[in-house]
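Chemist: Provide a 3D model corresponding to the input given below.
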Amino acid sequence: MMRTRLLWFGLGFTSSTLAISHFVWKNVEVDRHALTTDINHKFQALQARISNLESSLPNHAPIPLPHHDQVLMALCMIENASGGNDHNKTDTKATLEFLPALFVPLED
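Modeler: This is a model prediction of the structure:
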């Protein structure tokens, strides 16, 4: 008698757990699909806006990258300013503030 009650309780508990987990899993799947669809729509709208902006801008030449010697010179200046010591941090900061001026494209 006790075994039968335990068996029926286990069966009912298992079936209830399966039903609840099915509905929860279904809800999670629907939310995930909705989120994915929403993100795809937003990215498509963003891509359309960007392409509209790009088509409305006049064609410009791409910004040239700094020359290798300019980058090397800037790195040497930073290393010399720091001197490998911690007490020269203000000089390093001053060098870093003027660093963008070094990357002005040179006239060829």
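
Chemist: for the protein, what spans make up the helices?
Modeler: All helices of the chain, identified by DSSP state H, fall at 2-56, 68-82, 89-102.

Chemist: Considering the ones you listed, which stretch scores lowest in mean pLDDT?
Modeler: With a mean of 52, helix 89-102 has the lowest mean pLDDT of the helices of the chain.

Chemist: Got the domain ranges for the chain?
Modeler: 1-60, 68-102 (automatic domain parsing).

Chemist: separation between R5 and H41?
Modeler: 54 Å (C-beta to C-beta, to the nearest Å). Quick note: C-beta positions are derived from backbone N, CA and C, even for glycine.
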